[in-house]
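In: could you look at this predicted model? Sequence included:
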Amino acid sequence: MRLVQVTIPTGKRDTVLDILDGEGIDYVVTDESSDREYTAVAYFPLPTNAVEPVLETLREAGLKREAYTVVMKAETVESERFEALTESYAETGPSEERIARQELESRAEELATALPTYVVMTVVSAVIATAGLLLDSPATVVGSMVIAPLIGPAMAAAVGSVVDDGELFRRGIALQLLGVAIAIASAALFAAFVQAANLVPPGLDPLSLSEVAERLSPSVLSLAVALGAGVAGAVSLMTGVSAALVGVMIAVALIPPAATVGIGIAWSDPSLAVGSAVLVAVNVLSINLAALVVLWYGGYRPERLFDHDRARAATLKRVAVLVAAIALLSVFLGGVTYDSYQAAGTEQDIRDGVATELEDPAYSGYELVGVEVETGTERFLFRHPTAVVVTVGAPPGAQRAGLADAVQTRLATEYGVETDVRVLYVEVERSGG
């Protein structure tokens with residue numbers, strides 16, 4: 001529920017009060033003594049979903065747009081008329097938790113923080129994320145997301161689009177682009193410093209770190225994460241609930257991948273940088289698309305009726321651009337997803353081939369200990385097996401029977417896998433019992 005305070009212009013007092021009486025709204029009126037063009041101030045409580053339609057009715061009746069209007073959150077209202085008003089708007093109005101357009105714009109502007117604070121918080125979160133990735137520490141990576149201020153610009157751009165606020169839209173887009181660029185640059189500089197100062201083991205391969213490797217090859221499932229974050233951000237904005245936790249979800253989709261791009265740049269690893277950059281781009285686009293669609297579907301429109309067509313055209317155009325860009329990048333994501341499926345199938349074929357070869361009577365007494373498939377990348381991200389390391393347990397003094405060549409031949413002829421094979425023999429002695 002909300003407490004609304006409006007200043008009533010000269011000559012409009014009776015009109016405003018008649019509207020409030022007609023709506024069944026409790027109000028208190030005080031005289032205005034500032035010697036300006038307003039004669040009174042009205043205070044009245046409203047259900048959250050009634051604020052926008054009531055203010056629109058007052059505007060149509062002559063309440064000036066530049067009039068002093070304040071909407072505040074109210075904790076409790078004890079009134080039979082208020083309960084009846086709440087029930088009325090629950091039946092005929094929008095969702096009970098939907099905030100007014102005016103409040104939505106204010107929240108969006110508030111989330112788009114001042115530039116100095118935005119830059120500092122983005123740099124700090126990117127540096128912490130980079131440290132967490134290089135430490136292979138999920139807890140540190142999560143901590144970097146908590147302080148990332150990236151929810152504000154995305155929501156500001158979506159709100160600016162649906163309510164035809166060009167300045168808010170442009171500010172949201174500019175802050176998003178700036179935030180991603182700052183995050184990548186900060187991560188790259190910090191990763192280069194860590195590498196030069198030997199704060200990580202010499203020769204460290206970032207891909208050996210699970211937190212980094214999982215962001216190397218983005219799949220189609222990444223779309224679900226980003227779209228879900230965008231939907232959650234828009235819903236939290238529409239209902240007036242805290243955006244802090246939702247901000248973490250949006251940061252999940254942006255900060256770690258951006259930090260991974262920086263690590264790829266610092267380690268001069270094109271596959272790591274490109275794969276993570278695609279993930280960042282897909283997530284940014286998906287978050288904006290989801291937020292834009294949810295807010296438009298939620299019924300938010302410009303205040304002036306003759307601006308509705310322009311806002312609709314601009315929103316549809318932006319949705320089309322976002323969908324086209326996501327579809328283009330999704331071809332890449334689909335390729336990576338298919339490659340991952342193929343790689344998993346190839347690895348299983350290799351394991352089956354090794355196990356089948358060891359079933360030959362020539363290797364009686366041999367025991368398969370393990371199979372390790374080493375992979376490399378081609379065309380930046382797509383993987384292929386480069387070597388197979390087979391560990392075999394054999395009795396002491398057993399004769400080596402050319403297992404490596406036999407496995408290599410079987411893999412090539414039966415599974416079409418061309419790769420080097422190395423066999424490590426481990427002597428196994430068993431007790432007589």
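Out: Now that the structure is in, tell me what you want to look at.
In: now for the top helix by length along the chain, which elements pack on it?
Out: Ordering each helix of the chain by length in residues (DSSP state H) puts helix 308-358 first. Helix 308-358 is packed against helix 151-162, helix 221-239, helix 270-297, strand 367-378, strand 382-394, helix 403-414, with contacts defined by 3 or more C-beta pairs under 8 Å, 6 or more residues apart in numbering; DSSP states H and E. All C-beta atoms are positioned from the backbone trio N, CA, C, and that covers glycine.
In: tell me which of those sits most buried.
Out: Sort the helices and strands packed on helix 308-358 by mean neighbour count, taking mean count of other C-beta atoms under 10 Å, and helix 151-162 sits at the top with a mean of 28.
In: could you check the angle that helix makes with helix 270-297?
Out: Interaxial angle, helix 151-162 versus helix 270-297 (axes from the mean of the first three to the mean of the last three C-alpha atoms, to 10 degrees): 50 degrees.
In: which strands and helices sit next to helix 151-162?
Out: The criterion is 3+ C-beta pairs under 8 Å, 6+ apart, and the helices and strands that helix 151-162 contacts are helix 101-111, helix 166-196, helix 221-239, helix 244-266, helix 270-297, helix 308-358.
In: columns distance to residue 43 and mean pLDDT on top of the ones you listed, output as JSON lines?
Out: Below are the helices and strands packed on helix 151-162 laid out as JSON lines (distance: least, C-beta to C-beta, whole Å; pLDDT from 0 to 100):
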{"stretch": "helix 101-111", "distance to residue 43": "17", "mean pLDDT": "82"}
{"stretch": "helix 166-196", "distance to residue 43": "29", "mean pLDDT": "92"}
{"stretch": "helix 221-239", "distance to residue 43": "24", "mean pLDDT": "83"}
{"stretch": "helix 244-266", "distance to residue 43": "30", "mean pLDDT": "84"}
{"stretch": "helix 270-297", "distance to residue 43": "30", "mean pLDDT": "87"}
{"stretch": "helix 308-358", "distance to residue 43": "31", "mean pLDDT": "83"}
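In: distance to residue 396 for these - can I get that in JSON lines?
Out: Output for the helices and strands packed on helix 151-162, formatted as JSON lines (distance: least, C-beta to C-beta, whole Å):
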{"stretch": "helix 101-111", "distance to residue 396": "70"}
{"stretch": "helix 166-196", "distance to residue 396": "46"}
{"stretch": "helix 221-239", "distance to residue 396": "49"}
{"stretch": "helix 244-266", "distance to residue 396": "47"}
{"stretch": "helix 270-297", "distance to residue 396": "44"}
{"stretch": "helix 308-358", "distance to residue 396": "18"}
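In: please identify the most buried of the ones you listed.
Out: The most buried one of the helices and strands packed on helix 151-162 (mean count of other C-beta under 10 Å) is helix 244-266, showing a mean of 25.
In: for that one, what is the distance to the chain centroid?
Out: 8 Å (C-alpha atoms, centre = their mean, to the nearest Å).
In: name the helices or strands packed onto it?
Out: The contact analysis (3+ C-beta pairs under 8 Å, 6+ apart) places helix 244-266 against helix 115-135, helix 138-146, helix 151-162, helix 166-196, helix 210-213, helix 221-239, helix 270-297.
In: specify the angle between it and helix 270-297 in degrees.
Out: Using the same axes, to 10 degrees, helix 244-266 lies at 150 degrees relative to helix 270-297.
In: which non-adjacent residue is nearest residue 262?
Out: Computed as C-beta to C-beta, 6 or more residues apart in numbering, the closest residue to residue 262 that is not its neighbour in sequence is residue 187, at 2.5 Å.
In: tell me who's in contact with that neighbour.
Out: If a contact means C-beta atoms under 8 Å, 6 or more residues apart in numbering, then residue 187 has 126, 127, 129, 130, 258, 259, 260, 261, 262, 263, 266 as its contacts.
In: quick one: low-confidence ranges for the stretch 51-200 of the chain?
Out: 64-67, 92-96 (pLDDT under 70).
In: re the thing from before, need the helices and strands packed on helix 244-266 in CSV with distance to residue 52, can you?
Out: Shown next, in CSV, are the helices and strands packed on helix 244-266 (distance: least, C-beta to C-beta, whole Å):
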stretch, distance to residue 52
helix 115-135, 29
helix 138-146, 33
helix 151-162, 13
helix 166-196, 18
helix 210-213, 45
helix 221-239, 12
helix 270-297, 14
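In: which of those helices sits closest to residue 355?
Out: Distance to residue 355, taken as C-beta to C-beta, is lowest for helix 210-213 among these, at 26.6 Å.
In: tell me which residues are up against that closest one.
Out: Contacts of helix 210-213 (C-beta under 8 Å, 6+ apart): 132-134, 136-138, 141, 206-207, 256, 260, 263, 272.
In: same question for stretch 101-115.
Out: The contact list for stretch 101-115 (C-beta under 8 Å, 6+ apart) reads 2, 51-52, 55, 69, 71, 99, 118, 121, 149, 151-153, 155-156, 159-160, 163, 165, 168, 171-172, 175, 237-238, 240, 243, 295, 300-301, 303.
In: next, report how far stretch 360-378 is displaced from the centre of its chain.
Out: Remark: stretch 360-378 is offset 41 Å from the chain centroid, using C-alpha atoms, centre = their mean.
In: repeat that for stretch 61-80.
Out: With C-alpha atoms, centre = their mean as the basis, stretch 61-80 stands 35 Å off its chain's centre.
In: that stretch: end-to-end distance?
Out: Stretch 61-80 has an end-to-end distance of 27 Å (criterion: C-alpha to C-alpha, to the nearest Å).
In: and the angle from the longest helix of the chain to helix 403-414?
Out: 130 degrees.
In: got the angle for helix 308-358 vs strand 367-378?
Out: Helix 308-358 and strand 367-378 are oriented at 140 degrees to each other (the same axes, to 10 degrees).
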